[in-house]
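1. Below are the sequence and a predicted model; questions follow.
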Amino acid sequence: MELKDIASVTGKGGLYNVVKPSRTGVILESLDEKKQKLVAHAHDKVSILDEISIYTTDSEGNVPLQKIFNTMHEEFGDDLGIDNKSSKEEIMSFLKHILPNYDENQVYPSDVKKLVTWYNAILKEAPEVLTAKKEEEKK
């Protein structure tokens with residue numbers, strides 16, 4: 001599994017594996033142990049994690065989520081030291097540590113909480129996403 005195969009649906013908790021397109025939308029399956037199937041229609045906001053990035057103040061303007069997840073995994077491994085219930089200050093200082101040049105005007109604590117939640121879900125349900133890119137870079 002790769003980051004391009006994982007999606008988030010606005011209004012639905014958790015992450016989903018993209019199974020296949022259907023006539024009316026896309027069929028998704030939850031990453032958790034329940035493996036519940038869901039059809040996301042055109043009116044649902046589905047975000048593929050591979051297409052998400054975080055705003056920065058450098059010339060690039062953003063950093064892809066895969067690169068951020070890789071940095072988190074290299075520095076913290078299985079224990080980030082924070083969770084989505086941590087204080088605003090803890091969460092923003094965590095982001096400052098892993099991405100020092102993030103855009104403070106466009107990145108909110110709720111975004112970082114979602115980042116932490118997604119990382120923990122991927123670590124639990126699809127850890128190969130965090131290790132596959134590193135192996136490719138070594139080659």
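-> Looks like it arrived, so ask away.
2. looking at it, A42 is touching G25, isn't it?
-> Yes: counting by Cβ atoms under 8 Å, A42 touches G25, with 6.0 Å between them. Heads up, the C-betas are built off the backbone N, CA and C, glycines and all.
3. out of those two, which sits in the busier spot?
-> G25 (15 against 8; other Cβ atoms under 10 Å).
4. how about S22, what does it touch?
-> V39 (Cβ atoms under 8 Å, 6 or more residues apart in numbering).
5. And it, how far from A40?
-> 9 Å (Cβ to Cβ, to the nearest Å).
6. can you list contacts of the host helix or strand of Y119?
-> Y119 is part of helix 109-125 when elements are defined by DSSP states H and E. If you take Cβ under 8 Å, 6+ apart as the criterion, helix 109-125 is touched by 6, 8, 14-15, 31-32, 49, 54, 65, 68-69, 72-73, 78, 80, 82-84, 86, 88, 91-92, 94-95, 129-130.
7. what about T10, neighbour count?
-> Neighbours around T10, by other Cβ under 10 Å: 9.
8. Just give the nearest non-adjacent residue to it, would you?
-> Leaving aside its sequence neighbours, T10 sits nearest to K45 (Cβ to Cβ, 6 or more residues apart in numbering; 3.9 Å).
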